[in-house]
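> Just to be clear, the model below is a prediction. Sequence and coordinates:
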Amino acid sequence: MTQDSLIRAFQELLGEANVLTEAADQAPYLVEWRDKFKGTTPMVLRPGSTAEVAACMRLANEHDLVIVPQGGNTGLVGAQIPKNGGSEVVLSLSRLNKIRNIDPLGRTMVVEAGAVLQTIHERAEEHDLIFPLTLGAQGSCQIGGNIATNAGGTAVLSYGNTRDLVLGLEVVLANGEVWEGLRTLRKDNTGYDLKQLFIGSEGTLGIITAASLRLFPKPAAVEVALCGLDSPHQALSLLSVAQKHAGAMLTGFEILPKIGMQFSVRHQENARFPMADEHDWYVLVELSAGSKDIDLASLTEAVFEEAFEAELLNDAVLAQSNAQAEDFWRLRHGMSEVQKLEGGSIKHDVSVPVAKVPAFLEEAIAAVEAFIPGCRPVPFGHMGDGNIHFNISQPEGADKQAFLAQWDAVNEIVHGITAQYNGSISAEHGIGVLKRELLPTVKSPVEMKLMRAIKETLDPKALLNPGRIL
């Protein structure tokens, strides 16, 4: 079948308006938000139901057509972008955006893959519940993409990764069959847990069309504080103090460098430093309590009283309102985006054992500064779970492309140090295209063999996102 004939066949399935062939219409689907990955496609498919996704895959399977599933296009490793100059077809899940069901008593929500994360938050809040997955891109990322990449975020410390928040899935397989796995059971020990195959698979094993999610009670009280200190070593000690006092009520612990704070204040509208003096490092601390009977303010005070006595802190500011707490978090959540306005940025999404974070930061910062004199390391992130976004901004006034041309060399340095600390080269962003060649260096031959066997079993024709992960 010719390309024109295929386009007409998909138009018959979805309607002409949902098969995009014009360059201007396709443009938002063909470039990653950092401009690192760009592609081309003969068409962008926009099915509006699981049945239409299944029909698309049956037609693709019949004609050996490669499909690239795409959610909100906020991924950072290139898995959602078609190859440049090829015939890969983008299948967007954005029209599958319904909240199918909310069960407040069972604390579950069934949503379609194209539902925006912020919308899920808002719908949960209507029932005094929360869906704890929290990301900087939550206003545009879609839950199907979050699940397909096993997104992390700032709440992992208390609630876990995305895979810990998913109870069931609905998935369209490569041949067009639909796996109806939308269970809402907390316990189901009946054989292989199939949903876990698709969570984190980056669209290579099936297309997630809906999910059953876990919800949690909305905290009755939340305390947010921004702390100024001298070093990550002090931050690690502060984490220990906070965990001792708060236990599971410690729901956020983010480390931020001074330069990252400066970037956020410089480029975010109405942003400002909450403290009179600047500090080399900052920690954003959040404590949450499920009951009003818990005196969270006194608990927070106890944490900082011990921290100041131990000389772990230079200063600390407690948010006096929800608005101020949101301002503190906005400085953190916008830290990736504002780096774009400072020129080229070479990025890493690594994790090391929590106790090793200070030593890793010390060694990695020194190594990249020695390799590129004048570069500006901006390491920040989830210190409570060991995940650091080790980003490096170009030297001021440097040539952006010349700086970015050193991406692979800098990756080798940072990932090499990560390996020395028994860490991971991808803590929460996935593998995609960006880290595909690195995967065999951190996975054993047995692991690679098993992954390929799973791929061949579920997608024997390699029609779903070939060349991603493997």
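Cool, the structure landed. Numbers count the residues shown, from 1 in each chain.
> Could you tell me how far the closest residue to Asp128 other than its chain neighbours is located from Ile102?
Distances taken as C-beta to C-beta, 6 or more residues apart in numbering put Lys218 closest to Asp128, at 4.7 Å, once the chain neighbours are dropped. Where C-beta positions appear, they are placed from N, C-alpha and C, glycine not excepted. Computed with C-beta to C-beta, to the nearest Å, the distance linking Lys218 and Ile102 is 14 Å.
> Compare those two and say which is more crowded by neighbours.
When Lys218 and Ile102 are compared for neighbours, Ile102 comes out ahead with 19 against 14, by other C-beta atoms under 10 Å.
> ok, Arg95 - how many residues close by?
17.
> which residue sits closest to it, ignoring its sequence neighbours?
That would be Gly48: by C-beta to C-beta, 6+ apart, it lies 4.3 Å from Arg95.
> same question, Met451
Met451's closest residue in space is Leu470 (C-beta to C-beta, 6+ apart), at 6.3 Å.
> Return the residues in contact with the residue nearest to Asp128.
Glu125, Asp128, Leu129, Ile130 (C-beta atoms under 8 Å, 6 or more residues apart in numbering).
> show me the contacts for the first one.
Just to be clear, that refers to Glu125. Counting by C-beta under 8 Å, 6+ apart, the residues that Glu125 touches are Lys218.
> related to what we said a few turns ago, the residue nearest to Met451 - how many residues pack around it?
If we define neighbours as other C-beta under 10 Å, then Leu470 has 17 of them.
> And Asp128, by the same measure?
For Asp128, using other C-beta under 10 Å, the count is 11.
> how near is it to Gly432?
Distance from Asp128 to Gly432, by C-beta to C-beta: 37 Å.
> Give me the common contacts of Lys218 and Ile102.
By C-beta under 8 Å, 6+ apart, no residue touches both Lys218 and Ile102.
> Tell me how far the nearest residue to Ala367 once chain neighbours are set aside lies from Glu437.
Excluding the flanking residues, the one nearest Ala367 by C-beta to C-beta, 6+ apart is Ile413, at 5.2 Å. Noted for Ile413: a distance of 16 Å to Glu437, by C-beta to C-beta.
> Tell me which of these two has more neighbours.
Ile413 (18 against 10).
> In which helix or strand does the more buried one reside?
helix 407-420 (DSSP states H and E).
> And that helix, what does it pack against?
strand 345-346, strand 349-351, helix 357-371 (3 or more C-beta pairs under 8 Å, 6 or more residues apart in numbering; DSSP states H and E).
> contact partners of it?
Contacts of helix 407-420 (C-beta under 8 Å, 6+ apart): 346, 348, 350-352, 360, 363-364, 367-368, 371-372, 390, 392, 424-425, 438, 442.
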